[in-house]
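Visitor: quick one: sequence plus predicted model below, questions after.
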Amino acid sequence: MTLHNRLSFLTDRWRLRTWCAALILASLVSLAGPSRAEDAPTEGAPAEAATAITTADVKGVSTPSPEDLAKGDPGGARTGSAADIVMADPKKGLTLTDVVNQVGQNRIAINFVWTLITGYLVMFMQAGFALVETGLCRAKNANHTMMMNFMVYGFGMFAYWVMGFAIQQGGSAGVTNLGGLNPLNNEFKVSLFGVDWGLFGTKGFFLSDTSYDVGVMVMFLFQMVFMDTAATIVTGAAAERWKFAAFAISSMCLAAIWYPLFGNWAWGGGWLSQLGANFKLGHGYCDFAGSGVVHAVGGMSAFAAAMIIGPRIGKYNRDGSPNAMPGHDITMVLLGCFILAFGWFGFNPGSTLGASGAGSLRIGSIAVNTMLAGATGSFGALLYMWIRFGKPDASMSGNGLLAGLVAITAPSGFVNPVGAVIIGFVAGFLVCLSVEFIERVMKVDDPVGATSVHGTCGLWGVLSLGLFADGTSNYGGSWNGVDGSVTGLFYGDPGQFVAQLIGCATLVGIIFTIAYAFNLLIDIFVGQRVSAEAELEGLDLPEMGAVGYPEFQLVLPGTGHSVEA
Amino acid sequence: MKIMGLILLLGGWIIAVAGLLVTDATGVRMILALVGFGTTIAGLLTVNKAHMEHAIWKGKGRLA
């Protein structure tokens, strides 16, 4: 190295130090505030008024010429300009009104597309549920279990279109992210103790009349796939012995009556959502994406159905001790769990009902919370099973993932990542405890653990919101008609926790009771359970007329007898 | 037993909601909501107990 090079190096180092020193100095100066008196804003002086855009400005905007555009646009710099703004009257040319209207419509368009795409993701969760439930059942019931998961989509959708949507959302006008939903403007209320108690909506039956509206259609699609998630939870708990006709009626009743009722109370402007406005309990019952509305309602219904139908033959011995009845395909189960976890990115972030305006950019933290809680849920369940039984159980790890996702569904929009990790981990433990309690103490046979995953962890999710909501969310400045951010007990608002407790009492006390009463009536008039012969043979042939795996010989465990295809 | 369970289920919900009407104190409301929620769970267990009396694995049910 020559002397000149050495000196040049020193010079460079000196220059670097000088620049660093200047930067630090500049930073300190900027932190300390304006250094010159004339730079400091005068106290009380009005801020500089924003310059209003005029029609002349709009007319003066230059746009790429047709010749330029004909050359192609590999960099994307010329595509999309003022020339693409829709003009109300082309003879007048572009006006300020055109520009402003385009901005408004763009916001709603972004929100429509976001809500629709996330709704499609939620719809795909049906495939996940079908795989999980079928994999956890025995091969002799594969066709029957898969068909229940398949047809619940159609049965549920039809009933929800006829009346469920109107009951749930018929009075929910005012959703600004979707353009207002103004046709859904009538909530049936009763006035008791000086307070209006919203019970159900009355607009939107058959999506006809004024509810034939673009915004209402987007809302219907999104809410319909949520309802279907609740309906498909029940098929898991009652699998391997549920009469298909009874399943069809029960699913339609859920979609038409008790799911929309609770949905209205929580999301449609009903009485639970108004506990904050009417009784000063935080922001009223809050349930961002449906730990309560979707999962606990599904879980309570599943529990009622499983209780009424009774356990599978051979599940319990005469002394009440349970026998393990393993599913036939763990690969289906875990693949289904992955599909569900993917779909959950529609479930939770999609519940902002938009990606533009009113605090919707929180979709980033909602998605991360969803990921984290799912991961820690599976970790919690795996840890429990490993410690308790000596092996990292695959099916319970999958259920742990779902438990974490179920639990974070309600609080996902209101908690921070640390809260999400705790909520998911607790859910992972809780689902294992609940499965054991329901199977061994309550002796209710739930082949897939649906009651524990969705019921128990759904309730935990609702309560966890009342504990962990950190008061940083801001969805347009208010929630449920109460100004400010939703804040839980650990962050200073005990009233929010009380509202969540009342929501849980409603889910167990009212929703379970309605589901139980309807399923009892179906049992009396239709019969919920297949014959013992059909159950022993497997439901595929007696109920569906075709077996799920016709080229395989199925052998009854412990008997050596084959099941004839 | 089933009727008793259903009474507990509905009674628990009434207790939780009644807290809203009888007091403005958040602490008292929280206690009543907890009691109400607990009562609904007791109702759930009671209804289940009624079903267990005729469980098929006991050999007395219709599928025995």
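Guide: The structure has been received and is ready for your questions.
Visitor: could you use CA atoms for every contact and neighbour count after this?
Guide: Fine.
Visitor: what about residue A:190, which helix or strand?
Guide: strand A:187-192 (DSSP states H and E).
Visitor: direction included, what does that strand pair up with?
Guide: In the sheet, strand A:187-192 lines up against strand A:195-201 (antiparallel) (DSSP bridges).
Visitor: right, and the helix or strand after the partner strand?
Guide: Heading C-terminal from strand A:195-201, the first helix or strand you meet, by DSSP H and E, is helix A:214-237.
Visitor: and that following helix, is it in reach of chain B?
Guide: No: Helix A:214-237 does not reach chain B (Cα under 8 Å from any Cα of the partner chain); its nearest approach is 15.0 Å.
Visitor: and the very next helix or strand once past that helix with helix A:214-237, angle?
Guide: For helix A:214-237, the succeeding helix or strand toward the C-terminus, using DSSP H and E, is helix A:244-253. Angle, helix A:244-253 to helix A:214-237, by axes from the mean of the first three to the mean of the last three Cα atoms, to 10 degrees: 140 degrees.
Visitor: which ones are touching the most centrally placed residue in chain A?
Guide: With distances taken as Cα atoms, centre = their mean, residue A:347 lies nearest the centre of chain A, 3.0 Å away. Applying Cα atoms under 8 Å, 6 or more residues apart in numbering or on different chains, we find residue A:347 in contact with A:118, A:119, A:121, A:122, A:226, A:289, A:409.
Visitor: quick check: pLDDT value at it.
Guide: Residue A:347 carries a pLDDT score of 95 in this model.
Visitor: tell me the phi and psi of it?
Guide: Backbone torsions of residue A:347, given as degrees, to the nearest 10, read phi -60, psi -50.
Visitor: the contacts of residue A:347 in helices, which ones?
Guide: A:118, A:119, A:121, A:122, A:226, A:409 (DSSP state H).
Visitor: show me which of the residues you listed is closest to chain B.
Guide: residue A:409 (20.9 Å; Cα to the nearest Cα).
Visitor: which residues are in contact with the closest one?
Guide: A:287, A:288, A:289, A:290, A:291, A:347, A:348, A:370, A:461.
Visitor: these two touch, right, residue A:510 and residue B:8?
Guide: No: Residue A:510 is not in contact with residue B:8 according to Cα atoms under 8 Å; the separation is 10.9 Å.
Visitor: so which of the contacts of residue A:409 wins on neighbours?
Guide: Within these, most neighbours by other Cα atoms under 10 Å in any protein chain shown means residue A:461, with 33 neighbours.
Visitor: quick one: which of the contacts of residue A:347 is most hemmed in?
Guide: Ranking the contacts of residue A:347 using other Cα under 10 Å puts residue A:409 first, with 32 neighbours.
Visitor: could you check how far that one is from residue A:198?
Guide: 24 Å (Cα to Cα, to the nearest Å).
Visitor: and what of residue A:407?
Guide: 27 Å.
Visitor: give me the more crowded residue out of those two.
Guide: Comparing residue A:407 with residue A:198 by other Cα under 10 Å, the one with more neighbours is residue A:407, at 39 against 21.
Visitor: quick check: closest non-adjacent residue to the more buried one.
Guide: residue A:461 (3.9 Å; Cα to Cα, 6 or more residues apart in numbering or on different chains).
Visitor: list the contacts for the one you found?
Guide: Residue A:461 neighbours (Cα under 8 Å, 6+ apart): A:291, A:292, A:406, A:407, A:408, A:409, A:410, A:411, A:423.
Visitor: farthest pair in the residues you listed?
Guide: Using Cα to Cα, the pair of the contacts of residue A:461 lying farthest apart is A:292 and A:423, separated by 14.8 Å.
Visitor: give me the neighbour count for residue A:193.
Guide: For residue A:193, using other Cα under 10 Å, the count is 8.
Visitor: tell me the confidence at the nearest residue to residue B:1 once chain neighbours are set aside?
Guide: The shortest distance from residue B:1 to any non-neighbouring residue, by Cα to Cα, 6+ apart, is to residue B:50 (5.4 Å). For residue B:50, the model assigns a pLDDT of 92.
Visitor: where does residue B:50 sit: helix, strand or coil?
Guide: Following DSSP: H, G, I helix; E, B strand; the rest coil, we place residue B:50 in the helix state.
Visitor: can you map out the helices along the stretch 1-150 of chain A?
Guide: Along the stretch 1-150 of chain A, the stretches classed as helices by DSSP state H, counting those that start in this stretch are A:3-32, A:55-59, A:66-70, A:96-136, A:142-159.
Visitor: the residue minimising distance to the centre of chain B: what's it in contact with?
Guide: Using Cα atoms, centre = their mean, the residue of chain B that lies closest to the mean C-alpha position is residue B:43, 2.1 Å off. Shown in contact with residue B:43 (Cα under 8 Å, 6+ apart): B:4, B:5, B:6, B:7, B:8, B:9.
Visitor: list the contacts for residue A:540?
Guide: A:140, A:141, A:142, A:143, A:144, A:546, A:547, A:548 are the contacts of residue A:540 under Cα under 8 Å, 6+ apart.
Visitor: distance of residue A:373 from chain B?
Guide: For residue A:373, the distance to chain B equals 25 Å [Cα to the nearest Cα, to the nearest Å].
Visitor: can you check residue A:305 too?
Guide: 11 Å.
Visitor: check which helix or strand covers that residue.
Guide: Element membership for residue A:305 (DSSP H and E) is helix A:297-309.
Visitor: quick revisit: can you tell me which of the ones in helices among the contacts of residue A:347 is nearest residue A:488?
Guide: The closest of the ones in helices among the contacts of residue A:347, once distances to residue A:488 are taken by Cα to Cα, is residue A:409, at 15.6 Å.
Visitor: rewinding a little: make TSV from the contacts of residue A:409 and add distance to residue A:311 to it.
Guide: Below are the contacts of residue A:409 laid out as TSV (distance: Cα to Cα, whole Å):
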residue	distance to residue A:311
A:287	32
A:288	34
A:289	32
A:290	29
A:291	26
A:347	32
A:348	34
A:370	34
A:461	28
